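# no sequence on this one, just coordinates:
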C-alpha cells in the first residue's frame, strides 16, 4: 500500500470483521484515545493513523517530541488491548487475577533496531509472552490484519497462563504403594501419608502432620 492512500482503514473493512475482530479493533482505537461515534473511512483512518504503513518507524505526523515514546505507543496499542482481552477471557474460564496471573506489559522501543515486547508477572518470575519487531515492519495494511495481531497475542497469553496453571497431577501406584508422581509444578511436592505401618521399621515412623498418629511419610 502506498503511504499516500487517503483512507487506509475503511468502513467496508470494518463491516466485514467478525465480532471478535471488531472488539479487537475498537480496543486499539480506544487505547489510542481516538474512538469515534461514527464508523466512516475518515474517522477510522484518523483514529488508527499510527498503525498504518509508513516510510519510518511511525508516521511522521504522529511524532511528538520523542520518537521512542511514539514507537512504544504504537506497540502498546496492540499488546495492551490483547492483554486486557486475555484477562477477561481467563476470568471467564475461572482463573483469578493475582492468584493465577498478574500481567505487566514491558516494551523496549527502538526507532533504529528491534523493539521488544514482553508480558511478565508483577508477582512471580514468569514471562507469558516475548515478541519483537522493527517498528517499520509493525504496521497493518487493513483492519483485518490489525485485528489478527491483537487476537493472536491474546490467544498466546491465554494459552500460556493455562499451561502454567495446569492442575493435573498423576499419582502412579504399584502394588498398592505410590511409585511416582508426575505433573507437579516447579517448587511443589506431594507428601504421601501412609498409616499402613505394620511392616515398617520403627526408625522410619513419624507423627502424621494431619492428626499426630504414627505413619510413614514419603515425599515426591
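Cool, the structure landed. No experiment lies behind these values; they were computed from the predicted model shown.

# per the record, what domains does this protein have?
11-164, 170-219 (automatic domain parsing).

# among the helices and strands of this protein, which one scores worst on average pLDDT?
strand 170-174 (a mean of 61; mean pLDDT, DSSP states H and E).

# and the domains of the chain as a markdown table, adding mean neighbour count?
All C-beta spots, glycine's among them, are computed from the backbone N, C-alpha and C. Putting those into a markdown table (neighbours: other C-beta atoms under 10 Å) gives the following:
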| stretch | mean neighbour count |
| --- | --- |
| domain 11-164 | 17 |
| domain 170-219 | 11 |
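
# mean pLDDT lowest for which of those?
Summarising mean pLDDT across the domains of the chain, the least confident stretch is domain 170-219, with a mean of 77.

# how far out from the middle of the chain is the longest helix anywhere in the chain?
Ordering each helix of the chain by length in residues (DSSP state H) puts helix 67-92 first. Relative to the centre of its chain, helix 67-92 is centred 9 Å away, using C-alpha atoms, centre = their mean, to the nearest Å.

# For residue 157, give me its contacts.
If a contact means C-beta atoms under 8 Å, 6 or more residues apart in numbering, then residue 157 has 82-83, 86, 103, 119, 128-129 as its contacts.

# which one of those is nearest residue 148?
When the contacts of residue 157 are ranked by distance to residue 148 (C-beta to C-beta), residue 82 comes first, at 11.0 Å.

# dump the residue contacts of the closest residue to the closest one other than its chain neighbours.
Excluding the flanking residues, the one nearest residue 82 by C-beta to C-beta, 6 or more residues apart in numbering is residue 153, at 3.6 Å. By C-beta under 8 Å, 6+ apart, the contact list for residue 153 reads 78-79, 82-83, 86, 129, 131.

# ok, now which ones touch the closest residue to residue 76 other than its chain neighbours?
By the measure of C-beta to C-beta, 6+ apart, the closest residue to residue 76 outside its immediate chain neighbours is residue 107, 6.1 Å from it. Residue 107 makes contact with 72, 75-76, 79, 115-118 under the criterion C-beta under 8 Å, 6+ apart.

# Apply 7 Å and report the result again.
Taking C-beta atoms under 7 Å, 6 or more residues apart in numbering as the contact definition, residue 107 lies against 72, 75-76, 115, 117.

# I'd like the residues you listed as CSV, with distance to residue 147 appended.
Conversion of the contacts of residue 107 to CSV gives the following (distance: C-beta to C-beta, whole Å):
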residue, distance to residue 147
72, 21
75, 16
76, 17
115, 21
117, 18
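
# if we take those, which one ends up nearest to residue 65?
Taking C-beta to C-beta as the measure, residue 65 sits nearest to residue 72 out of the contacts of residue 107, at 13.4 Å.

# tell me the secondary structure for the spatially most central residue of the chain?
The centroid of the chain falls nearest to residue 157 when counting by C-alpha atoms, centre = their mean (2.5 Å). Classification of residue 157 into helix, strand or coil gives helix, according to DSSP: H, G, I helix; E, B strand; the rest coil.
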